[in-house]
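S.K.: Sequence plus predicted model, see below.
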Amino acid sequence: MTYKYFPHTDEEVAAMLKTIGVASLEELYADVPDALKFKGDYALPEAMSEEEIRRFFHTLGAQNDKLCCFAGAGVYDHYTPSVIPYLVERSEYLTSYTPYQAEISQGTLHYIFEYQSMMAELTGMEISNASLYEGTTATAEAVLMAYNNSHKGKTVLLSRTLDPKITAVVLTYAHFHGVDIQFVEEKDGVTDHDDLRRRLKAGGVAGVVVQQPNRYGIIEDFTGMSEACHAQKALFIINSVAADLALLKTPGEWGADIAVGDIQSLGLPMSFGGPYAGYMCTTEKLMRKMPGRIVGMTHDNRGQRAFVLTLQAREQHIRRQRATSNICSNESLATLFATIYLSLMGKEGLQEAAQMGYDGAHDLAEAMVATGKAELVYDQPFFNEFLVRMDDRDAFYDKAVDLHILPGVKVGKDQLLIAVTERRTKEECDTLCGLLNS
C-alpha cells in the first residue's frame, strides 16, 4: 500500500533494504536506543473542513500570550502599515525568488533597484547591494570583505560595544577564513578611542567594526576614527539599525567604507526572530569587492527602461576562485517589504517615527530614574534604547510579564536593556514605570 506523504510501496521498501544489506526497518534503526523510539499510534485528528481548520488554528493562536514589547537588542516592535502585506502579494512582485531571467523578473529587479537607491541614500553611501541574509551575517561578510581587500593586514578589530550576537557570528566566520579577530576595549560604555589608535598603529589591521547605536543603545561619537583607520589602510565599518539613520549622522558622514545592519526596523514584523534581511552599502571604489549582487538600470533595444543583474559574485556565475561570497540569494521578500515601507513612510515619516521612539525612551528613562529604584548604567547620550540597573531586576521583570509586558532584555545580574518605539504609548510606559513602586 502507499501513503500520501510516504509514497513507497512495501515492495520498494524491501528492495531498498536489500540493497543496503538489512532485513527490516527495525534492523535499520537498531542503533537508536529504545527510549528514543516512539511506539504507538500518532494522535492525529480526523480530517477537517477548511472552516474547521481555520477555527482550530484560531483557537491555538488564542493561547499565545501577546506581550507589550519593550525588548530590543537588535529587533524592535515597529509599526507595519496595513497595506504592505497586500502589496507584497501582487504577482508582478511575488515572482521568482532569484531573478535569473531578467526578461521575466522585471518587477523583482525593479523593486530591488529601488531598494538599493533608498538604502544608499539612507546610509549616505554610494553603492548598495541587493541585500544579504540578515544584519549579523552582513557584518561578518563586511569583515571578510575588509580582510580580502587588504594586502598585508590579517587582523580585524571589533569594538567591545558591538552586540554580542554579532560578535559571535563574526568569530565563527573569521575562524574558518583565517581572520585574526581582536577587540578594542570600551570605556564608559563607548569605544575607547585611545585603545583603537594604539591597536591601529601596531599595524596589520585590515578593518575596524563599530556599532551605532551600540549594544547599550548609546549614540557613539566616531570623530577621527575614519581618518585613523585610513591612515593605516584599514577599512572603517559601521553597523547601524536602519531606521535610526533617519535621524542619526549616517555612516557616509562618519567616513565609513562599509555600512551594514539589519532592515528589520523598516517595518518588518518581529515574527519570533525572522525572516529579516541585511543591508550592505559601500563606496564605489569597493563595489567589486561586495558579496551578493547588484541590480542596475539600462535600456533595451527599443529604448525602454529595463533592469538587469549588473554585478554578480556567486560561484554559479563566475569562476569559483574569484567568487567573493557563497550567498546564493537575498532575502527578496523581506527586501520588498522594506522597500514598500520606505516608499510609504518617506523621509518625513521615517524621521517622525524615529523621533517618537527617541522621545518616548528619554521620557521613560527619566521617569524610572526619578523613582529612585533604577539608575542609568552609563551617563551617555542614547537613542531609543537604554540600560538601567535595579536591585530587584528579576522581580520587576516577572511582575511585568504577569501584566503581559515584556519589559526589556536582561543584561548581567541586575541590568535591563529597555527599548521604546513609536508603538509604545504613554500609558504603556507609565504602567511599566509604575511597577518600580508596586
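M.R.: Structure received. Residues are numbered from 1 along each chain as shown.
S.K.: among the helices and strands of this structure, which has the poorest mean pLDDT?
M.R.: In the chain, no helix or strand scores lower on mean pLDDT, DSSP states H and E than strand 305-312, which sits at a mean of 83.
S.K.: Show residues contacting that one.
M.R.: For strand 305-312, contacts defined as CB atoms under 8 Å, 6 or more residues apart in numbering pick out 99, 102, 106, 109-110, 112-113, 287-288, 290, 293-300, 318. Heads up, the C-betas are built off the backbone N, CA and C, glycines and all.
S.K.: Mind checking which of those are in strands?
M.R.: Among the contacts of strand 305-312, the members found in strands (DSSP state E) are R293, I294, V295, G296, M297, T298, H299.
S.K.: Pick out the lowest-pLDDT one from those.
M.R.: By pLDDT, R293 ranks lowest within the ones in strands among the contacts of strand 305-312, coming in at 81.
S.K.: Please name the bridge partners of that one.
M.R.: Beta bridges link R293 to Q312, judged by DSSP bridges.
S.K.: what number of residues lie near it?
M.R.: Neighbours of R293 under the rule other CB atoms under 10 Å: 23.
S.K.: could you pull out the helices for the stretch 101-250 of the chain?
M.R.: Using DSSP state H, counting those that start in this stretch, the helices of the stretch 101-250 of the chain run over 106-123, 135-149, 164-177, 193-201, 225-231.
S.K.: Go through those and pick out the most buried.
M.R.: Highest mean neighbour count of these: helix 135-149, a mean of 24 (counted as mean count of other CB atoms under 10 Å).
S.K.: any idea how far F57 is from Y42?
M.R.: 19 Å (CB to CB, to the nearest Å).
S.K.: Looking at these two, which is more packed in?
M.R.: Per other CB under 10 Å, whichever of F57 and Y42 has more neighbours is F57, with 10 against 5.
S.K.: Show me what secondary structure element comes after the host helix or strand of the more buried one.
M.R.: Here F57 sits within helix 50-61, counting by DSSP states H and E. Next helix or strand after helix 50-61 toward the C-terminus (DSSP H and E): strand 68-69.
S.K.: just to revisit the earlier point, tell me which of the helices of the stretch 101-250 of the chain lies nearest to Y29.
M.R.: Smallest distance to Y29 across these (CB to CB): 32.9 Å, for helix 164-177.
S.K.: Surely V205 and T155 touch.
M.R.: Yes - using CB atoms under 8 Å, V205 and T155 qualify as a contacting pair, with a distance of 5.1 Å.
S.K.: The two - which one has more neighbours?
M.R.: V205 (25 against 22).
S.K.: List the contacts of G74.
M.R.: Counting by CB under 8 Å, 6+ apart, G74 touches G135, D163, K165, V241, D262, Q264.
S.K.: That one should be in a helix, yeah?
M.R.: No - G74: not assigned to a helix; according to DSSP: H, G, I helix; E, B strand; the rest coil it is coil.
S.K.: for stretch 154-165, how far is the first residue from the last?
M.R.: Using CA to CA, to the nearest Å, the span of stretch 154-165 from its first residue to its last is 22 Å.
S.K.: How far does that stretch sit from its chain's centre?
M.R.: On the basis of CA atoms, centre = their mean, to the nearest Å, stretch 154-165 sits 16 Å off its chain's mean C-alpha point.
S.K.: any low-confidence regions in the stretch 1-150 of the chain?
M.R.: Under the criterion pLDDT under 70, the flagged ranges of the stretch 1-150 of the chain are 1-5, 94-104.
S.K.: about what we covered before: could I get the ones in strands among the contacts of strand 305-312 as TSV with distance to E253?
M.R.: As requested, the ones in strands among the contacts of strand 305-312 are exported to TSV (distance: CB to CB, whole Å):
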residue	distance to E253
R293	27
I294	23
V295	25
G296	26
M297	26
T298	31
H299	34
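S.K.: looking at those residues, which has the most residues close by?
M.R.: Most crowded among the ones in strands among the contacts of strand 305-312, counting by other CB under 10 Å, is V295 at 26 neighbours.
S.K.: What residues does it make contact with?
M.R.: Going by CB under 8 Å, 6+ apart, V295 touches L109, I112, F113, Q116, A130, F307, V308, L309, T310.
S.K.: picking that back up, ok, so of the ones in strands among the contacts of strand 305-312, who is nearest Q380?
M.R.: I294 (36.9 Å).
S.K.: The closest one contacts A120, correct?
M.R.: No - if you go by CB under 8 Å, I294 and A120 don't touch, sitting 10.7 Å apart.
S.K.: okay, and the common contacts of those two?
M.R.: Common contact partners of I294 and A120 (CB under 8 Å, 6+ apart): I127, S128.
S.K.: in this protein, which helix has the most residues?
M.R.: helix 332-370 (DSSP state H).
S.K.: what's the average pLDDT for the next helix or strand after that one?
M.R.: Downstream of helix 332-370, the first helix or strand assigned by DSSP H and E is strand 375-376. Mean pLDDT, strand 375-376: 96.
S.K.: which helices and strands does strand 375-376 pack with?
M.R.: helix 332-370, strand 385-389 (3 or more CB pairs under 8 Å, 6 or more residues apart in numbering; DSSP states H and E).
S.K.: Out of those, which is the most enclosed?
M.R.: Taking mean count of other CB under 10 Å, strand 385-389 is the most buried of the helices and strands packed on strand 375-376, at a mean of 24.
S.K.: contacts for whatever helix or strand comes next after that strand?
M.R.: Following strand 385-389 in sequence order, the next helix or strand is helix 393-402 (DSSP H and E). With contact meaning CB under 8 Å, 6+ apart, helix 393-402 is reached by 67, 390, 406-408, 410, 413-416, 432, 435-436, 438.
S.K.: again, only using 10 Å
M.R.: For helix 393-402, contacts defined as CB atoms under 10 Å, 6 or more residues apart in numbering pick out 65, 67-68, 70, 373-374, 388, 390, 392, 405-416, 431-432, 435-436, 438.
S.K.: That's all I had, so thanks and see you.
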